[in-house]
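Trainee: A predicted structure for the sequence below; I have some questions about it.
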Amino acid sequence: MFKFNDEKGQLKCSFCGKTQEQVRKLVAGPGVYICDECIELCTEIVEEELGTDEEVEFRDVPKPMEIREILDEYVIGQEQAKKSLAVAVYNHYKRINSNSKVDDVELSKSNIALIGPTGSGKTLLAQTLARLLNVPFAIADATSLTEAGYVGEDVENILLKLIQAADYDVEKAEKGIIYIDEIDKVARKSENPSIT
């Protein structure tokens, strides 16, 4: 059984055995003591283990056929869109996860524009992909976007929504999906400029 104090009656860390005088801080718990050095070591171990799990998660991106099959479960029709999205998403994460060298084949970055009438499943496709990939998802309405300083929403607010969806984990937000809706209405607005 481990003693909590030495011969002089000084309290000791239950993990490393250092006395209260040998460390900066000794935290007391129910029946145990832990020093600041052991807390720091434990924190590093936990962060390291959690960090490797996240990397593995993004390396296990399903193949395009598997992505399409999952999209088929949620969205009826839109076969070409599902096929294109599945390949684009797979290539995107393949590019992110590759440790590209100078001689390697380079995969170019691509953005995706989903075009179709209201109710055709554009938003549902994007939301389903985000759920499948376990990444944060944010929707922005293009009609409310303005330059910074004007009435409306600016780009920083969209990024803030994504970071909030990632529970304020910036690393996770970096891998998230931003869906900008109603872009067609922005074009119509600019065709009829207001005189006021």
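Mentor: Done, it's in.
Trainee: CA atoms for contacts and neighbours, from now on please.
Mentor: Fine.
Trainee: count the neighbours of residue 40 for me.
Mentor: When neighbours are counted by other Cα atoms under 10 Å, residue 40 registers 10.
Trainee: er, residue 9 I mean
Mentor: Neighbour count for residue 9, taken as other Cα under 10 Å: 9.
Trainee: helix, strand, or coil at it?
Mentor: coil (DSSP: H, G, I helix; E, B strand; the rest coil).
Trainee: from residue 20, how far out is it?
Mentor: Per Cα to Cα, to the nearest Å, residue 9 is found 10 Å from residue 20.
Trainee: report the contact partners of residue 78.
Mentor: 120, 121 (Cα atoms under 8 Å, 6 or more residues apart in numbering).
Trainee: next one, pLDDT for it please.
Mentor: On pLDDT, residue 78 comes in at 88.
Trainee: low pLDDT regions in the protein?
Mentor: Low-confidence segments of the chain (pLDDT under 70): 1-8, 51-59, 98-108, 145-152, 186-196.
Trainee: may I have the phi/psi pair for the residue lying closest to residue 62 once chain neighbours are set aside?
Mentor: The shortest distance from residue 62 to any residue other than its chain neighbours is 7.3 Å, reached at residue 90 (Cα to Cα, 6 or more residues apart in numbering). Backbone torsions of residue 90, given as degrees, to the nearest 10, read phi -60, psi -50.
Trainee: could you count how many residues lie near residue 90?
Mentor: Residue 90, neighbours per other Cα under 10 Å, totals 16.
Trainee: residue 33 against residue 23, yeah?
Mentor: No. With contact defined as Cα atoms under 8 Å, residue 33 does not reach residue 23; the gap is 11.9 Å.
Trainee: the two: who's more crowded?
Mentor: More crowded of residue 33 and residue 23, by other Cα under 10 Å: residue 33, with 19 against 14.
Trainee: for stretch 18-32, list every residue counted as buried.
Mentor: 18, 19, 20, 26 (16 or more other Cα atoms under 10 Å).
Trainee: can you get me the start-to-end distance on it?
Mentor: Termini of stretch 18-32 sit 13 Å apart (Cα to Cα).
Trainee: just stretch 24-41 next, same as before
Mentor: Stretch 24-41: ends 14 Å apart by Cα to Cα.
Trainee: neighbouring contacts of it?
Mentor: Here stretch 24-41 has contacts from 4, 11, 12, 13, 14, 15, 16, 18, 20, 23, using Cα under 8 Å, 6+ apart.
Trainee: of the residues you listed, which is the most crowded?
Mentor: Counting by other Cα under 10 Å, top hit in these: residue 13 with 26 neighbours.
Trainee: contacting residues for it?
Mentor: By Cα under 8 Å, 6+ apart, the neighbours of residue 13 are 4, 19, 20, 26, 32, 33, 34, 35.
Trainee: put together a markdown table for those, with distance to residue 114 and secondary structure on each row.
Mentor: Below are those laid out as a markdown table (distance: Cα to Cα, whole Å; DSSP: H, G, I helix; E, B strand; the rest coil):
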| residue | distance to residue 114 | secondary structure |
| --- | --- | --- |
| 4 | 65 | coil |
| 19 | 64 | strand |
| 20 | 63 | helix |
| 26 | 57 | strand |
| 32 | 58 | strand |
| 33 | 58 | strand |
| 34 | 55 | strand |
| 35 | 55 | strand |
